[in-house]
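# Structure of the sequence below:
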Amino acid sequence: MTPLLKTAALTVDYDQDRRMLQARGAISVLVQPALNKINQRLTEEKPALVRENDIVASTWLPPVPSGPFKRLVLSEAKIAIGRFVPQTVSIEVTRACGCRCDHCLIKEGEGELDTEEIKRVVDEALELGASIITFTEGDPLLRDDILDLIRHVDPERAVVNLFTPGLEMTPERAKELKDAGLYNILIGVYSRDPSVHDRIRGVEGAHQKAIAAIKMALEAGLLVTMSTHVKGDGVSETLDLYDLAAELGVHEFSIWEGIPTSPAEELTTIDRETILRFYKRVNRTPGGPRVFASTYFEGQMLGCMAGRRWLHIGVDGGVRPCPYLDEVVGDVRERPLKEIWKAVRASGEFEMLRSDCPAQSRARPL
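Numbering: from 1, shown residues only. The predicted model follows:
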């Protein structure tokens, strides 16, 4: 047993051989249910990566054991008594992007947070208890200060994820990201067919560059997630993408439910059952990348995280409960993040545990 966490009221031990977490102490009863969910994943599903000193159950979670994972456990104790913590804080860091995606919501605007503003937001997020910081939108690799921003995140408090379409990746940049302390890079791929991916990205050759970026990141020693979005008219094609992920040797294949823009794009109960069966089958089969599916993670496991475990900062400083909800609940240029989070929780809109996506419900065509 390795002591992962030890306070006056709570001790959490980690048995690396059995891949089990056990809580002891006065408030252990509050934490053990969350640990049981993690234990179930560790024992029933293959991890994204096993290293000498830790295990990456999923690239969406800090490694076990680690400082960020310890903070995640402590935040679960607070959540158990109704004191919700934004464990994941995602930050849009730029409008700049080499892609011309039709679904992009920020390409028409102007302005973005500067370096010191983003650093302040990161500091405030860490003070709130965040253990996962994600830099996203449009392509963070086009910010000259992206390495400085990654280095600013205290590795003992949070891991850093970064989304990119991959157009700007070079072997040198991949190594720089690794040296700066990037935990996981997420590269979007929408189809095995290059012409389909290129059409969605609005750039010829985007598929080839995304695949090359994945290979460069793996060569640099980064954790790599191949990410995609699924809609009701493309479930089978999305699941076929797993074969490409396996061929490339990424650590995780991440499937997020997309926001429908027509009735044909709505996911049905059968579609979701298909995704869940795929998730369970792949993750119980040795070899190949692990699968993450929001259909499971935010459906059956934790429920929707918006305004409960997740907070999103837009490129202009506007704060939303998650990237998919339109309502701006505050501006980090005008108010501290702590006050905005309190306002989110005080609104009462995110009290109820729900297994569906409110953004999908609101976007449903009439």
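# So which residues of the stretch 51-200 of the chain form strands?
55-56, 88-92, 132-136, 159-164, 184-188 (DSSP state E, counting those that start in this stretch).
# now the stretch 201-350 of the chain
Assigned by DSSP E, counting those that start in this stretch, the stretch 201-350 of the chain shows strands spanning 223-230, 252-257, 290-293, 310-313, 318-320, 330-331.
# re earlier: so can I have a markdown table of the strands of the stretch 51-200 of the chain showing mean pLDDT and mean neighbour count?
Where C-beta positions appear, they are placed from N, C-alpha and C, glycine not excepted. What follows is the strands of the stretch 51-200 of the chain, written out as a markdown table (pLDDT from 0 to 100; neighbours: other CB atoms under 10 Å):
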| stretch | mean pLDDT | mean neighbour count |
| --- | --- | --- |
| strand 55-56 | 94 | 20 |
| strand 88-92 | 97 | 24 |
| strand 132-136 | 98 | 24 |
| strand 159-164 | 98 | 24 |
| strand 184-188 | 98 | 25 |
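# With respect to Leu74, which of those strands lies nearest?
Minimum separation from Leu74 across the strands of the stretch 51-200 of the chain (CB to CB) falls at strand 132-136, 14.0 Å.
# What strands line up against that closest one, and which way round?
Sheet partners assigned to strand 132-136 using DSSP bridges are listed as strand 88-92 (parallel), strand 159-164 (parallel).
# need the contact list for the residue nearest to Pro63 when sequence neighbours are not counted.
Spatial nearest neighbour of Pro63, excluding adjacent residues (CB to CB, 6 or more residues apart in numbering): Asp54 at 4.1 Å. By CB atoms under 8 Å, 6 or more residues apart in numbering, the residues touching Asp54 are 63-66.
# Return the member of the residues you listed nearest to Gly98.
Of all the contacts of Asp54, Pro63 has the smallest distance to Gly98: 31.6 Å, by CB to CB.
# Helices along the stretch 1-150 of the chain, start to end?
Using DSSP state H, counting those that start in this stretch, the helices of the stretch 1-150 of the chain run over residues 28-44, 67-80, 115-128, 146-152.
# Out of those helices, which gets nearest to Thr164?
From those, taking CB to CB, the stretch that ends up closest is helix 146-152, at 9.7 Å.
# Out of the helices of the stretch 1-150 of the chain, indicate the one that is most buried.
helix 67-80 (a mean of 21; mean count of other CB atoms under 10 Å).
# So which elements touch it?
strand 2-6, helix 28-44 (3 or more CB pairs under 8 Å, 6 or more residues apart in numbering; DSSP states H and E).
# just how off-centre is stretch 232-250 within its chain?
18 Å (CA atoms, centre = their mean, to the nearest Å).
# what's it in contact with?
189, 191-192, 211, 214-215, 218, 224-226, 228-230, 253, 255, 260, 264-268, 271, 274-275, 278, 282, 288-289, 291.
# ok now stretch 16-24, how far from the chain's centre?
24 Å.
# closest to Leu21 out of the strands paired with strand 132-136?
Closest approach to Leu21 among the strands paired with strand 132-136 is made by strand 159-164 (17.8 Å; CB to CB).
# OK, contacts around the closest residue to Ala80 other than its chain neighbours?
Spatial nearest neighbour of Ala80, chain neighbours left out: Leu30 (3.9 Å); criterion: CB to CB, 6+ apart. By CB under 8 Å, 6+ apart, the contact list for Leu30 reads 76-77, 80-81.
# could you measure Leu30 against Lys6, distance?
Distance, Leu30 to Lys6, using CB to CB, to the nearest Å: 16 Å.
# What of Ala210?
43 Å.
# Show residues contacting stretch 310-322.
Taking CB under 8 Å, 6+ apart as the rule, stretch 310-322 contacts 86-95, 106, 109, 111-113, 117, 121, 125, 137, 304-307, 323, 326-334, 337, 340-341, 344, 349-350, 359.
# Give the buried residues for it.
Under the neighbour-count criterion of 16 or more other CB atoms under 10 Å, stretch 310-322 has 310-322 buried.
# Any idea how many residues pack against the residue lying closest to Leu42 once chain neighbours are set aside?
Leaving aside its sequence neighbours, Leu42 sits nearest to Arg19 (CB to CB, 6+ apart; 4.0 Å). Here the count is done by other CB atoms under 10 Å, and Arg19 has 17 residues near it.
# Got the confidence number for Arg19?
Here, the pLDDT recorded for Arg19 equals 85.
# show me the contacts for it.
39, 42-43, 55.
# Distance to Asn161 added to these, as a markdown table?
Below are the contacts of Arg19 laid out as a markdown table (distance: CB to CB, whole Å):
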| residue | distance to Asn161 |
| --- | --- |
| Asn39 | 24 |
| Leu42 | 20 |
| Thr43 | 25 |
| Ile55 | 18 |
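# Filter the contacts of stretch 310-322 down to the buried ones, PyMOL style.
The PyMOL command for the buried members of the contacts of stretch 310-322 (criterion: 16+ other CB under 10 Å) is given here:
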select buried, resi 86+87+88+89+90+91+92+93+94+95+106+112+113+121+125+137+304+305+306+307+323+329+330+332+337+340+341+344+350+359
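# Quick check, pLDDT for the residue lying closest to Lys6 once chain neighbours are set aside.
For Lys6, ignoring the flanking residues on the chain, the nearest one in space by CB to CB, 6+ apart is Val12 at 7.9 Å. Note on Val12: pLDDT of 91.
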